[in-house]
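# task: produce atomic coordinates for the following.
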Amino acid sequence: MPGPLSGVRVLDLTGVVSGPYATMFLADQGADVLKIEPIGGDITRRSRAIIDKAGEFSALFISSNRGKRSLSIDVKSEAGREVMAKLVAQSDVLVQNFRPGTTERLGLGPDELRVRHPRLIYVSISGVGDSGPYVRKRVYDPIIQALSGFADIQSQPVTNRPQMIRTIVCDKTTAVFTAQAVSSALYAREKTGQGDYIQVAMLDTMISYLWPEGMMQYTVVGAEATTMDPNDRPDLVFKTRDGYITCGTISDSEWQGFCKASGDPELARDERFATPGARFVNATARINKMQDYISLRTTAEWLERLDAADVPCSPILRRGEIIANEQVVARGLIEEFEQPTVGRVRQPKPAAIFEVNKVAIGGPAPRVGEHSRAVLRDLGYSDSAIEGMIADKAVRAASN
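This is a model prediction of the structure:
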């Protein structure tokens, strides 16, 4: 069976990560995603380490754009505007993450296109939204980490110095929120026949994402100062004799299990840790006490003891260990395929598994303009007209 979004046409006018990653999820689920690239290609093709001799692919680009087609076109040119008008007319979804006002100048603004195409689902991804004093700011992931509280929640317990998360968590989380919103809009359109205009801001997304446990002390109005700050305690990284593990002891049974695994009968009698409330209030003392015990044995010994006591636990894997981890291997979480001009590459398989409408990696990431000629032919352009566009540099096609 094809993926659940088979037959859905997505026009991807996004760059960097938040937009491309969102549309990649749609491609994994069966959508036909056409990536519109400038003549020079998406800037992430050259981001960080380039991994092919031709200079077309970075690992970041492949991991955000697999399974798509690529049309490389100058959307500011007369020919480019004509092509875009034809593509919009046959698309179900348009996703863009230009700075505010850019699409309007290109004749691709939401108001104009939604009047012409009422079934179109138009998606705008931005850093901080389309209003407010920060609307003109140039925004990248660390800016949103700073504004949303993520840098604060990572603060060092002793110095209280904020720290960034060392991955682009805001870009990637916004992508997930966006893909989910597109699916909801497609479902609504099936019932009403009407498209929609979806706006997803990275700042809005990350405040929403952080809230459930990261903003607990600000949930009850007027009681902010009475709730313990959840990031004033050590994290759950425990050093063993030969490595690191993590384990959780939220429930009474889990705490009793840890006490049993420790081999010290006195630990279970410590009143500071006797109830969930007491363990929360005395979190720093509890975690430090756990570390005292855990440092005495090896990782393998502790995992065996904790598993036997039904305490949530795992080794803390280095990134180089993940691919060979027994659970990852057993689930087949990492797939391999041939990436043209690069060679054999690895990618994680789609995380959501559908029983009926199977999902799968739709193939490698496209070369710049790899599908330009085919897309233009499908739009009714003759071969001579296409070659004329290429000669005029309004369109780029991948070399054979």
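# I'd say residue 197 and residue 112 touch.
No. Contact criterion C-beta atoms under 8 Å: residue 197 and residue 112 do not qualify, at 11.7 Å. From N, CA and C alone the C-beta is placed, and that goes for glycine too.
# please pull out the lowest mean pLDDT helix or strand from this protein.
Lowest on mean pLDDT, DSSP states H and E among the helices and strands of the chain sits helix 276-281, with a mean of 90.
# output the below-cut-off pLDDT ranges for the stretch 201-350 of the chain.
Residue ranges of the stretch 201-350 of the chain with pLDDT under 70: 225-232.
# which parts of it are strands?
Applying DSSP state E, counting those that start in this stretch to the stretch 201-350 of the chain gives strands spanning 238-239, 244-247, 313-315, 334-339, 343-348.
# burial check on the residue nearest to residue 89 when sequence neighbours are not counted, number of neighbours?
With C-beta to C-beta, 6 or more residues apart in numbering as the criterion, residue 89 has its nearest non-adjacent residue at 6.5 Å, and that residue is residue 117. Number of residues near residue 117 (other C-beta atoms under 10 Å) recorded here: 17.
# pretty sure residue 117 contacts residue 87?
No. Between residue 117 and residue 87 there is no contact under C-beta under 8 Å: 11.1 Å.
# quickly find the element holding the spatially most central residue of the chain.
With distances taken as C-alpha atoms, centre = their mean, residue 172 lies nearest the centre of the chain, 2.3 Å away. Per DSSP states H and E: residue 172 is located in helix 169-192.
# mean confidence score for that helix?
For helix 169-192, mean pLDDT is 98.
# packing partners for that helix?
Where contact means 3 or more C-beta pairs under 8 Å, 6 or more residues apart in numbering; DSSP states H and E, helix 169-192 is packed against helix 18-28, strand 93-96, strand 121-126, helix 141-148, strand 196-201, helix 202-214.
# how far does that helix sit from its chain's centre?
13 Å (C-alpha atoms, centre = their mean, to the nearest Å).
# report the buried residues of it.
Residues 169-171, 173-179, 181-183, 185-186, 189 are the ones in helix 169-192 that count as buried (16 or more other C-beta atoms under 10 Å).
# and for stretch 359-371?
359, 361, 362, 364, 365, 366, 367, 368, 369, 370, 371.
# quote the end-to-end distance of that stretch.
23 Å (C-alpha to C-alpha, to the nearest Å).
# same thing with stretch 287-304?
In stretch 287-304, first residue to last residue: 20 Å (C-alpha to C-alpha).
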